[in-house]
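Peer 1: pasting the sequence and the predicted coordinates here, then a few questions.
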Amino acid sequence: MLHIGPFPQFRFVIYSPARAPLLRWGLKNLARELRMPICDLIKNQDTYHADANQTVLNAAKAMVARNIGAVPVLRDGSLVGIFSERDLMKRVVAEERDPRTTRVEEVMTGDPLTVTPQQDLQTCMLLMRRHGFRHLPVCEGKQLRGVISLRDLLLHDLHEKDDEVRMMRAYIQASPEL
């Protein structure tokens, strides 16, 4: 172990060939996680959806009850739009529409951008960032398979980082003194 300066609590680890396999494993693991298909992340998801003819009030109550910020909108089982908190504010509240009589299809974002279940996490994050939205429907054709949210992606990433930190701590504690 190498101590530098008046901070003995900090250890600086010098690279050694003995540590190379772990470093390679960590980099491979990180790359694998970014390529993970989103179907693995949504496989146990119970996706709520709104019907196109449903009132905005009913959809908003369901969103509040489930603590979700957007719902896919279906007509005859096919995805036709997405209704988000932003749609509610811009197209209902700001325009002073009555949520008890306004239909979701009147104020939803129509023909939303979707991804396939085999799309990787990195691409989903890139699309959300580029287009400025936090929810992305996952579809096969027009058939809804789930919705991936920015929160889902960030929580997954956080969990993976926690695992990496635990692994690195165990490695550092088990490595011989330098």
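Peer 2: That came in fine, so what should we check first?

Peer 1: helix or strand next in line after the lowest-mean-pLDDT helix or strand in the chain, which one?
Peer 2: When the helices and strands of the chain are compared on mean pLDDT, DSSP states H and E, helix 20-34 comes out lowest with a mean of 52. Downstream of helix 20-34, the first helix or strand assigned by DSSP states H and E is helix 39-42.

Peer 1: how far away from the center of its chain is that following helix?
Peer 2: Offset of helix 39-42 from its chain centre (Cα atoms, centre = their mean, to the nearest Å): 10 Å.

Peer 1: quick one: mean pLDDT over it.
Peer 2: Taken as a whole, helix 39-42 has an average pLDDT of 77.

Peer 1: out of everything not next to it in sequence, what's closest to the most centrally placed residue in the chain?
Peer 2: For the chain, the residue nearest the mean C-alpha position is Leu153 (2.7 Å; Cα atoms, centre = their mean). Using Cβ to Cβ, 6 or more residues apart in numbering and skipping residues adjacent in sequence, the residue nearest Leu153 is Met125, 5.6 Å away. (Glycine included, C-beta is placed from N, CA and C.)

Peer 1: quick one, grab the pLDDT at the one you found.
Peer 2: 88.

Peer 1: so it is in which element?
Peer 2: Met125 is part of helix 121-131 when elements are defined by DSSP H and E.

Peer 1: since that was my last question, I'll sign off now.
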